[in-house]
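Asker: all I have is the shape, not the residue letters:
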């Protein structure tokens, strides 16, 4: 990040010039804002949905085995295959989503989901959530299996409702797993690349640009390896600092909660 290099010829040392350019680069700050949006929506969507599906599939439900297979399929697919699938869904003329909206008479909801700067980021985030919710579902299922059934039996004898048992037994015992899952979601959302690259390429007009896609473009499209490395170092630093702060805050809350109990 302290050099000017096109990836082929000689490198030349330029000090902090790349960092000065990065600070004044509006596209980088837009990409960072989009990354923060992806982080917030991922945490607010993937983890709760993962817990809900894990609770459903660890209960005595008739179609549990079939649903386990169905729900885990998106996580088993490659990002390129998922990107192509969602491109067919979002296609403005013959896409499944717009055809469905047309069939139910909601013509005012029909949009160019990957071509409208106002909605493209949320369209891509929806596909990202579809891909990664099964991962957190499996994570929480593994944690739920380790909770002793005697705790729920005792709570039931004491007259606790299923909702009360969830808040007083399930969620506190799941909290370490929730914390780990949140860190994975945070770091993964900050460095996410592949599905965004396949679906929108960061466009239109950088509306869905992320730091990773911008780093790729600067490095390999514009052959500015030094500037791309600067974005990479900034991406690592932001992810590391946010992860450490998040772990420290959640660990402190968990410790204080243990003291109160």
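Answerer: Arrived safely. What you see is a predicted model, and the numbers here were worked out from it, not measured in a lab.

Asker: you'd agree residue 174 is in a strand?
Answerer: No. Assessed by DSSP: H, G, I helix; E, B strand; the rest coil, residue 174 does not belong to a strand; its assignment is helix.

Asker: let me know the secondary structure of the closest residue to it other than its chain neighbours.
Answerer: Leaving aside its chain neighbours, residue 174 sits nearest to residue 143 (5.5 Å; criterion: C-beta to C-beta, 6 or more residues apart in numbering). Just so you know, the C-beta spots here come from the backbone N, C-alpha and C atoms, and that holds for glycine as well. What three-state DSSP gives for residue 143 is helix.

Asker: and the helices in the stretch 151-261 of the chain?
Answerer: In order along the chain, the stretch 151-261 of the chain carries the following helices (DSSP state H, counting those that start in this stretch): 162-165, 171-190, 194-199, 211-216, 225-260.

Asker: buried ones in the second one?
Answerer: So that's helix 171-190. Neighbour-count burial for helix 171-190 flags 174, 177-179, 181-190 (criterion: 16 or more other C-beta atoms under 10 Å).

Asker: got it, and stretch 97-108?
Answerer: For stretch 97-108, by 16+ other C-beta under 10 Å, it's 97-98, 101.

Asker: try stretch 117-124
Answerer: By 16+ other C-beta under 10 Å, the buried positions in stretch 117-124 come out as 119-121, 123-124.

Asker: list the contacts of it.
Answerer: Outside stretch 117-124, the residues within contact range by C-beta atoms under 8 Å, 6 or more residues apart in numbering are 34, 37-38, 41, 86, 90, 111, 113-114, 195-196, 199-200, 203-205, 207-208.

Asker: likewise stretch 59-70?
Answerer: So stretch 59-70 is in contact with 56-57, going by C-beta under 8 Å, 6+ apart.

Asker: how long is that stretch end to end?
Answerer: With C-alpha to C-alpha, to the nearest Å as the measure, stretch 59-70 spans 17 Å from end to end.

Asker: buried subset of the contacts of stretch 117-124?
Answerer: Buried residues within the contacts of stretch 117-124, counting neighbours by 16+ other C-beta under 10 Å: 34, 37-38, 41, 86, 90, 111, 113-114, 195-196, 199-200, 207-208.

Asker: what lies in contact with stretch 96-104?
Answerer: 88-92, 107, 109-111, 113.

Asker: just the residues you listed: which are in strands?
Answerer: If you go by DSSP state E, the contacts of stretch 96-104 have nothing in strands.

Asker: tell me which two of those sit farthest apart.
Answerer: Maximum pairwise distance among the contacts of stretch 96-104 (C-beta to C-beta): 20.6 Å, between 88 and 107.

Asker: picking that back up, adding pLDDT and distance to residue 228, write the buried residues of stretch 117-124 out as JSON lines.
Answerer: Formatted as JSON lines, the buried residues of stretch 117-124 follow (pLDDT from 0 to 100; distance: C-beta to C-beta, whole Å):
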{"residue": "119", "pLDDT": "93", "distance to residue 228": "28"}
{"residue": "120", "pLDDT": "94", "distance to residue 228": "23"}
{"residue": "121", "pLDDT": "93", "distance to residue 228": "22"}
{"residue": "123", "pLDDT": "94", "distance to residue 228": "26"}
{"residue": "124", "pLDDT": "94", "distance to residue 228": "22"}
